[in-house]
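Engineer: Just a sequence and a predicted model for now, questions to come.
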Amino acid sequence: MSKKEIIKELQDTVSEFQKLISSFDERQLNKVPYEGSWTAGQVAQHIILANSGFADVLNGPVKDTERAPDEQIEKIREIFLNFNTKMNSPDFILPTLKEYNKVKQLNALEKIKLDVSKAVDDLDLDKTCLAFELPVFGHLTRQEAVYFVIYHTQRHAQQLGRIRESLLN
């Protein structure tokens, strides 16, 4: 896949997520839709916490990759886009239950979209990132890290859709 195609998929994914967040009013954004669920604001905050560090990881120290640079992309896709599997967030990206500001969250998502897109455009995606080791996956290549952001965001966009539906019914 070309860098241009990767950037388009990333931007389309984050833009769709932003559109979903925009569809909630401030009250809905911070309302628990059903027992055991996060609020839409918490979902957005989780994505912000999880994805905001990826620009730093992509721009951080790297090494030559000793395997196919896209080797884990399919595994990442299968895990995150399997909506029948319930996952638990690691504590360091667990959002607190509080009142979130929609505009601030939309701005943070826009910054993530721009920063990660720039990294994709500027950097060699075949290098392995050393700044952070992901649970389950270990050190990802830059290409895999970008797809982690894409598929993780798509998973939570699906969750936002369910939350929205629940609040409207």
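Structural biologist: Alright, I've got the coordinates. Numbering: from 1, shown residues only.
Engineer: what sits against D115?
Structural biologist: A55 (Cβ atoms under 8 Å, 6 or more residues apart in numbering). Bear in mind the C-beta positions are built from the backbone N, C-alpha and C, glycine included.
Engineer: for the one 3 residues further on, same thing?
Structural biologist: Applying Cβ under 8 Å, 6+ apart, we find K118 in contact with A55.
Engineer: what's the answer for the one 3 residues further on, then?
Structural biologist: Under the criterion of Cβ under 8 Å, 6+ apart, the contact list for D121 reads 3, 7.
Engineer: per-residue pLDDT, it?
Structural biologist: D121 carries a pLDDT score of 97 in this model.
Engineer: mind checking how far it is from P33?
Structural biologist: Per Cβ to Cβ, to the nearest Å, D121 is found 37 Å from P33.
Engineer: Name whatever forms a beta bridge with G138.
Structural biologist: Beta-bridge pairing of G138 under DSSP bridges involves L134.
Engineer: separation between it and A145?
Structural biologist: In terms of Cβ to Cβ, G138 sits 12 Å off from A145.
Engineer: Looking at these two, which one has more neighbours?
Structural biologist: Shown here are G138 and A145; by other Cβ atoms under 10 Å, A145 has more neighbours (27 against 9).
Engineer: Check the secondary structure at P33 for me.
Structural biologist: Of the three states, P33 takes coil under DSSP: H, G, I helix; E, B strand; the rest coil.
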